[in-house]
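Visitor: what follows is a predicted structure for the sequence shown.
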There are 2 protein chains.
Amino acid sequence: MRDKTDKIGIFDSGVGGLSVLKQFIKYLPFENYIYLGDTARVPYGNKSAETIKKYAEECTEFLISKKVKLIVVACHTVSSVAIDVVESISDVPVVGMINPAIKSALWTTRNKKIGIIGTRATITSMAYQNALRRESKNGDYEVSAKSCPLFVPLVEEGFINHPATKLIANEYLAEFSSSGIDTLILGCTHYPLLSKVISEILPDVELIDSGEQAAIFSLRLLAEKNLLLDDNGFSSVRPNVEFYLTDLTINFPEIVNIFLGFKVENVQVVKLT
Amino acid sequence: MRDKTDKIGIFDSGVGGLSVLKQFIKYLPFENYIYLGDTARVPYGNKSAETIKKYAEECTEFLISKKVKLIVVACHTVSSVAIDVVESISDVPVVGMINPAIKSALWTTRNKKIGIIGTRATITSMAYQNALRRESKNGDYEVSAKSCPLFVPLVEEGFINHPATKLIANEYLAEFSSSGIDTLILGCTHYPLLSKVISEILPDVELIDSGEQAAIFSLRLLAEKNLLLDDNGFSSVRPNVEFYLTDLTINFPEIVNIFLGFKVENVQVVKLT
């Protein structure tokens, strides 16, 4: 059993999960966090399910060893293909990226046409599509999904408003214009950073930020389990995050700034294998 | 001691090294090859030197266990930051990507202005720049280097002739137009696939394909050591390559086709850790 003073553990294949952490800090600013990024093996998005499951298991075991009270799987690829692995070895609640986003999309859509974008592994896994079918109780929703593999490297290169990004986004998103969706799930940690470009191409489409929905979902979950930290537990250091990476990559400082908007110090490098 | 019937071992962080293998098959078609791609941890290009050295060591040990007669480090990032690690544990000759390309660039340039493009790790390591200074005996060569991190994902997405690729290449290569180089080293396995786009932007610049130069260099090296396979050793299966990957990635078949132009069967998945 955990108690409310324990931390929230968030893991990701790399630094993209910082966009999820940012949403958690926004909705649960009083909590203490552990962030684990598997930067030595990033990205997961183009790798096989078997390998992703192995990596997810190692990340989960690390967070469990830190006695977190909640495990947030910030990586959409892991949420899509290995959430069962994480749940099977975790003794605390697990929040993935998919279900909160799906629920939000179902509440949001008016015309019952929902789009999903993500990495190749996420889209190929059909995890979002299947969850949508399940949650909607096979309601007559039209779902279209598209993998956008270049969005991650474009964001990491800082090409957020670059003409090339717009050109590529135009091509990736063209099918959503013709299918007439009114709601689009951003199924990858990096995609919220491209919200402006995506909205220019699909101006009438509501974008669902999975990280934001996961934070709201976690707020409710922890409250119901009486595990939210109260005022007395507040640390004077805000935001209070311990950072662990499996590799201290060259461009980490720039990347952190792109995702979090503040500087990170005292990053610890850990080995998972 | 090895003999001429032993295979040539080539390793890379992933599948990019297939462009190097293709050059070896072109110049040494009669040889037998082992190709190892560390697809479970690809890419290396944005990772730290320490992590790259560890991965390079594991790849080298695998090839040594296969009793190869030559180790070709097809990965430019490893060639830049960890070639000493490979050489220190290998009992057979090691050919990296840098020295053959540098020698070729020095022979090629007329105006003594040489450009280098590569991944962030390759360019930051200064390996090409330092080797050029060393090989030219501090001759008065002007060297300019630029990292082009988006070229790899663009090639892997098959955006070889895409307008977005031209836009990004224009931006990356602009400084070479102004610096007036006449020779450009393609310091990454993926870049030869963008030769056409690069030549459109820099029409008067000679492009050096490091993989091609490494193949020519190896031909000479093996001949001098009397380790080239002769007619009697010819296998009836051409090209004769054993493929090992650390992860069977989803898009492997397409990617292989982009790089090699022929289908690959019987890929074996191996664990390096």
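Guide: Arrived safely, thanks for sending.
Visitor: which stretches of the stretch 1-150 of chain A form helices?
Guide: With DSSP state H, counting those that start in this stretch as the criterion, the stretch 1-150 of chain A has helices at A:18-27, A:49-65, A:76-81, A:83-89, A:98-108, A:120-125, A:127-135.
Visitor: around chain B, which positions in the stretch 1-150 of chain A sit nearby?
Guide: Residues of the stretch 1-150 of chain A found near chain B (Cβ under 8 Å from any Cβ of the partner chain) are A:39-41, A:46-48, A:50-51, A:120-121, A:124, A:149-150. C-betas here are computed from N, CA, C, even on glycine.
Visitor: would you mind giving me the ChimeraX syntax to select the buried ones in those?
Guide: Buried subset of these, written as a ChimeraX selection, criterion 16 or more other Cβ atoms under 10 Å in any protein chain shown:
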select /A:39,40,41,46,47,48,51,120,121,124,149,150
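Visitor: dump the residues of the stretch 1-150 of chain A next to chain B to CSV, plus distance to B:Ile208.
Guide: Below are the residues of the stretch 1-150 of chain A next to chain B laid out as CSV (distance: Cβ to Cβ, whole Å):
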residue, distance to B:Ile208
A:Thr39, 32
A:Ala40, 31
A:Arg41, 32
A:Asn46, 29
A:Lys47, 32
A:Ser48, 35
A:Glu50, 39
A:Thr51, 35
A:Arg120, 32
A:Ala121, 35
A:Thr124, 37
A:Pro149, 29
A:Leu150, 27
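Visitor: let me know the closest of the residues of the stretch 1-150 of chain A next to chain B to A:Glu157.
Guide: Nearest to A:Glu157 among these is A:Leu150, at 10.1 Å by Cβ to Cβ.
Visitor: so what does the closest one have for phi and psi?
Guide: phi -80, psi -10 (degrees, to the nearest 10).
Visitor: that one reaches B:Glu157, doesn't it?
Guide: Yes: taking contacts as Cβ atoms under 8 Å, A:Leu150 lies within contact range of B:Glu157: 5.4 Å.
Visitor: okay, and the common contacts of the two?
Guide: Between them, A:Leu150 and B:Glu157 share no contacting residue under Cβ atoms under 8 Å, 6 or more residues apart in numbering or on different chains.
Visitor: in contact with A:Lys225, which residues?
Guide: Per Cβ under 8 Å, 6+ apart, neighbours of A:Lys225: A:Pro93.
Visitor: so how far is A:Leu219 from it?
Guide: As judged by Cβ to Cβ, to the nearest Å, A:Lys225 and A:Leu219 stand 11 Å apart.
Visitor: now the lowest-mean-pLDDT helix or strand in chain A against helix A:18-27, angle please.
Guide: Between all helices and strands in chain A, the lowest mean by mean pLDDT, DSSP states H and E belongs to helix A:252-260, at a mean of 84. For helix A:252-260 against helix A:18-27, the angle by axes from the mean of the first three to the mean of the last three Cα atoms, to 10 degrees is 50 degrees.
Visitor: helix A:252-260: what's the following helix or strand?
Guide: strand A:268-269 (DSSP states H and E).
Visitor: just checking: what are the partner strands of that following strand?
Guide: Take DSSP bridges as the rule and strand A:268-269 pairs in its sheet with strand A:240-245 (parallel).
Visitor: and A:Leu248, how far is that from A:Phe11?
Guide: Counting by Cβ to Cβ - A:Leu248 and A:Phe11 are separated by 17 Å.
Visitor: quick check: which ranges of the stretch 151-273 of chain A have low pLDDT?
Guide: For the stretch 151-273 of chain A, the stretches with pLDDT under 70 are A:230-238.
Visitor: near chain B, which residues of it show up?
Guide: Residues of the stretch 151-273 of chain A lying near chain B (Cβ under 8 Å from any Cβ): A:152-154, A:156-157, A:159, A:162-165, A:167-168, A:171, A:247-251, A:273.
Visitor: keep only those of the residues you listed that are in helices.
Guide: In this view, those that belong to helices under DSSP state H are A:152-154, A:156, A:163-165, A:167-168, A:171.
Visitor: out of those residues, who's the most crowded?
Guide: Taking other Cβ atoms under 10 Å in any protein chain shown as the neighbour criterion, A:Ile168 ranks highest of those with 28 neighbours.
Visitor: residue contacts, that residue?
Guide: Going by Cβ under 8 Å, 6+ apart, A:Ile168 touches A:150-151, A:154, B:159, B:162, B:164.
Visitor: TSV please, covering those and showing distance to B:Ala101.
Guide: Listed next are the contacts of A:Ile168 as TSV, based on distance: Cβ to Cβ, whole Å:
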residue	distance to B:Ala101
A:Leu150	28
A:Phe151	32
A:Leu154	28
B:Phe159	25
B:His162	27
B:Ala164	28
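Visitor: what is the nearest of those residues to B:Ile185?
Guide: Taking those together and measuring to B:Ile185 by Cβ to Cβ, the closest member is B:Phe159, at 22.5 Å.
Visitor: from B:Gly211, how far out is the closest one?
Guide: 21 Å.
Visitor: compare these two (neighbour count), which wins?
Guide: Higher neighbour count among B:Phe159 and B:Gly211: B:Gly211, with 29 against 23, using other Cβ under 10 Å.
Visitor: what packs against whichever strand or helix holds the more buried one?
Guide: Taking DSSP H and E as the criterion, B:Gly211 maps to helix B:210-224. If contacts are counted by 3 or more Cβ pairs under 8 Å, 6 or more residues apart in numbering or on different chains; DSSP states H and E, helix B:210-224 sits against helix B:18-27, strand B:70-73, strand B:94-95, helix B:98-108, strand B:183-187.
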